[in-house]
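# mind looking at a prediction? Sequence and model below.
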Amino acid sequence: MSNLDCQSASDIVIFGALGDLSRRKLLPALYQLEVSGLIHKDSRIVGAARQEHSLEEFKSIVVENLTNFVNETIDEQVLTCFINRFVYQQLDFKDSASFNLLADALANGNKTRVYYFSTPPSIYGDICQGLAQANLINDADRVVMEKPIGHSLESSIEINNQVSKYFTEKQTYRIDHYLGKETVLNLLVLRFANSLFTNNWDRNSIDHVQITVAESVGIEGRWGFYDEAGQLRDMVQNHLLQILSLLAMEPPADLSAESVRAEKLKVIRALKPINRENIKDKVVRGQYSDGFLEGVAVPGYLNEEGANANSNTETFVAIKAEIDNWRWKGVPFYLRTGKRMQKKHSEIVIHFKQQPHNIFKDSYSDLPANKLTIRLQPDEGVELQMMNKIPGIASQMLIQENKLDLSFSDTYKDQRVVDAYERLMLEVLNGNQSLFVSRDEVEAAWTWADSIIEAWKTTNEVPKPYAAGSWGPVASISLIARDDRQWVE
Ligand SMILES: NC(=O)C1=CN([C@@H]2O[C@H](COP(=O)(O)OP(=O)(O)OC[C@H]3O[C@@H](n4cnc5c(N)ncnc54)[C@H](OP(=O)(O)O)[C@@H]3O)[C@@H](O)[C@H]2O)C=CC1
Ligand SMILES: O=C1O[C@H](COP(=O)(O)O)[C@@H](O)[C@H](O)[C@H]1O
């Protein structure tokens, strides 16, 4: 079955069509789907935004953004077809009455409506109210919600409640764009299509796991938004926990949304709580100070444009996470993520256990354990470190550590790297929820993250400084060194 066979014609309505996410990610993603012939011929794209624009003006803004944010040369023929799908509707999302205008714009056509909320989550409820008031919600319609869903468990419940008054869980697609990344999806294949790994994926074979999501970017003009959130809410509560749950979950019965999401949820719920009693041993909180990136001086977080010099918001977190279940008892998952780190570099390293006995002492007094490295981005790939005999006649067996390296760019030379938003948008159009986060997952993740935030508050934990361009505060090295282990750099 082709991707188009399961897709009916849709009206894709982007609320916040002139915002940053829409310009940089959503419009280019839709254009790429057009290039691949993956949008139904009768589908339309409706840009909804506050500013007044004629349709022609809006179309030229779309073209300008495609030129800026699509990485390849724009195909003029495809572009013409794509642009003809557009409708523009000026709306104030907080004014329910104005949604009658949207109803007029959507009037002709009996299509599935896909409502993409690319706005602050605080107005998701207003948008739903407006849609309902204008009689614009049918059972087949879908809503796409951007992260963050709330700021805490309480606020996420409030937002989900507002939306669920109008849309069922089956109609709701919560985005975590990491679930659309090629290498994150490949975790399913790596684990469940290779018996070598499937059968050695537990406390009997694995010593510990490291997950690093390092960014070299700073706050990029979003200081106000970011300072309210911090790295724990911005990256750990969602992206890192999603990666962790895919890595640690039990094999799902199949790839359906129900099966995969149920298994991920069990992992998040089994995370050992971190609270004021254990936070000092389990979490390091950091904030970048002035430093250098690739030889260029960059300001510290408190010296960024628009900064409040007294902010205690963290831009780095390292956590020793533990999963309280049969499979993972005693296997730490060390997570770390930060802004303004030495380079953009995200990877998972699975450290297998050492051999119980060493018969190669002449060559190696301490046999290194196997390591499986999954490079998430950039330079995507999978690498297995293993021991090998050095060829030669000597009677003494000489061995060394080598790696099997599956680099995606070498192996799949002719394949274009699909952006996460492109894949996720297609899945929404096809009505497949597997790559979206369930309400239960969001709430379980907030429960765990809130407890850390609460513990920081009650222990007055202030972030430790680290120089921009480094790998984080020294304390993050101690976090793992206390267990006789070290970060893979
Ligand atoms: N940008 C990114 O890279 C990412 C964004 N997100 C999430 O995506 C969502 C959108 O983010 P982003 O695009 O950056 O935000 P922006 O502020 O750039 O865009 C939001 C848009 O919503 C519009 N809007 C807000 N209130 C109203 C209203 N009452 N009536 C009509 N229009 C309104 C704004 O219009 P106006 O410009 O007129 O104010 C703006 O164009 C947020 O939930 C964010 O957390 C998630 C991951 C990454
Ligand atoms: O959701 C977010 O993700 C980006 C990092 O995404 P990536 O695809 O570039 O890895 C992060 O910079 C941003 O702060 C956060 O909101």
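Everything's here; your move. Numbering: from 1, shown residues only. Ligands and ions are numbered 1, 2, ... in the order given.
# tell me how far Asn84 lies from Ser54.
16 Å (CB to CB, to the nearest Å). The C-beta positions use only the backbone N, C-alpha and C, and glycine is treated the same way.
# spell out which residues of the stretch 51-200 of the chain are next to ligand 1.
Within the stretch 51-200 of the chain, the positions near ligand 1 by CB under 6 Å from any ligand atom are 51, 91-94, 118-121, 123, 146-148.
# give me the buried subset of these.
91, 93, 118-119, 121, 123, 146-148 (16 or more other CB atoms under 10 Å).
# looking at those, which one is closest to Leu244?
Taking CB to CB as the measure, Lys147 is the one of these closest to Leu244, at 16.1 Å.
# I'd assumed the closest one was in a helix, is it?
No - using DSSP: H, G, I helix; E, B strand; the rest coil, the assignment for Lys147 is coil, not a helix.
# spatially, what comes nearest to it if we skip its sequence neighbours?
Excluding the flanking residues, the one nearest Lys147 by CB to CB, 6 or more residues apart in numbering is Asn238, at 5.3 Å.
# surely that neighbour is in contact with Met145?
No - look at Asn238 against Met145 with CB atoms under 8 Å: they stay out of range, at 12.0 Å.
# list the helices and strands the helix ranked longest in the chain packs on?
Using DSSP state H to define each element, the chain has its longest helix at helix 439-458. Judged by 3 or more CB pairs under 8 Å, 6 or more residues apart in numbering; DSSP states H and E, helix 439-458 is in contact with helix 153-164, strand 172-174, helix 241-248, helix 257-270, helix 279-282, strand 283-289.
# let's have the ones you listed in TSV, adding distance to Asn325 and mean neighbour count.
Below are the helices and strands packed on helix 439-458 laid out as TSV (distance: least, CB to CB, whole Å; neighbours: other CB atoms under 10 Å):
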stretch	distance to Asn325	mean neighbour count
helix 153-164	22	17
strand 172-174	25	22
helix 241-248	8	24
helix 257-270	5	19
helix 279-282	18	16
strand 283-289	21	25
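# contacting residues for Lys272?
321-324 (CB atoms under 8 Å, 6 or more residues apart in numbering).
# could you give me the PyMOL selection string for whichever of the residues you listed are buried?
PyMOL command restricting the contacts of Lys272 to the buried ones, with burial defined by 16+ other CB under 10 Å:
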select buried, resi 321+322+323
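# nearest residue to the residue in the stretch 251-400 of the chain positioned nearest to ligand 1 other than its sequence neighbours?
Taking CB to the nearest ligand atom as the measure, the stretch 251-400 of the chain has Lys339 as its residue closest to ligand 1, at 13.6 Å. For Lys339, ignoring the flanking residues on the chain, the nearest one in space by CB to CB, 6+ apart is Thr315 at 4.5 Å.
# mind checking how far that neighbour is from Ile390?
Distance from Thr315 to Ile390, by CB to CB: 44 Å.
# got it, and Gly37?
52 Å.
# and Val35, how many neighbours?
Counted with other CB atoms under 10 Å, residues neighbouring Val35 total 19.
# show me the residues around the closest residue to it other than its chain neighbours that make contact.
Excluding its sequence neighbours, the residue lying closest to Val35 (CB to CB, 6+ apart) is Val78, at 5.2 Å. Counting by CB under 8 Å, 6+ apart, Val78 touches 31, 34-35.
# neighbours around Ser122, how many?
Ser122: 13 neighbours (other CB under 10 Å).
# show me what contacts the closest residue to ligand 1 within the stretch 1-150 of the chain?
With CB to the nearest ligand atom, the shortest gap between the stretch 1-150 of the chain and ligand 1 falls at Gly19, namely 2.1 Å. Residues in contact with Gly19 (CB under 8 Å, 6+ apart) are 49, 118-119.
# what is the subsequent helix or strand relative to the host helix or strand of Arg375?
Using DSSP states H and E, the element containing Arg375 is strand 371-377. Following strand 371-377 in sequence order, the next helix or strand is strand 381-389 (DSSP H and E).
# what's the closest non-adjacent residue to Lys94?
Per CB to CB, 6+ apart, closest to Lys94 is Asp126, 4.8 Å.
# checking the one you found next. Helix, strand or coil?
Per three-state DSSP, Asp126 ends up helix.
# contact partners for it?
93-94, 96.
# which element is the residue nearest to Val35 on?
helix 76-83.
# extract the C-alpha set from the helix or strand following that helix and format it as PDB.
Using DSSP H and E, the next helix or strand after helix 76-83 towards the C-terminus is strand 86-90. What follows is strand 86-90, C-alpha atoms only, in PDB (Å, rounded to 0.1, in the frame of the first residue of the first chain):
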ATOM      1  CA  PHE A  86      -2.900  27.700   0.000                       C
ATOM      2  CA  VAL A  87      -5.700  29.700   1.600                       C
ATOM      3  CA  TYR A  88      -5.000  32.500   4.100                       C
ATOM      4  CA  GLN A  89      -7.400  33.400   7.000                       C
ATOM      5  CA  GLN A  90      -6.700  36.300   9.300                       C
END
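# packing partners for strand 86-90?
strand 44-49, helix 55-69, helix 99-105.
# those: which one's closest to Asp484?
Of all the helices and strands packed on strand 86-90, helix 55-69 comes closest under CB to CB, at 46.0 Å.
# is any residue of that closest one near ligand 2?
No - applying CB under 6 Å from any ligand atom, one finds helix 55-69 separated from ligand 2 by no less than 13.6 Å.
# hmm, who's touching that helix?
17-18, 23-25, 27-28, 31, 47, 53, 74, 79, 83, 86-88.
# before we move on, what about stretch 29-44?
With CB under 8 Å, 6+ apart, stretch 29-44 has contacts from 3-4, 7-12, 45, 66, 70, 74-75, 78-79, 81-82, 85-87, 109, 111, 418-419, 421-422, 424-426, 429.
# and for stretch 226-235?
148, 151, 213, 219, 285, 307-308, 311, 313-317, 337-339, 449, 452-453.
# which of those are buried? Put it as a PyMOL command.
A single PyMOL command selects the buried members of the contacts of stretch 226-235 (16+ other CB under 10 Å):
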select buried, resi 148+151+213+219+285+307+311+313+314+315+316+317+337+338+339+449+452+453
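# okay then, goodbye and thanks.
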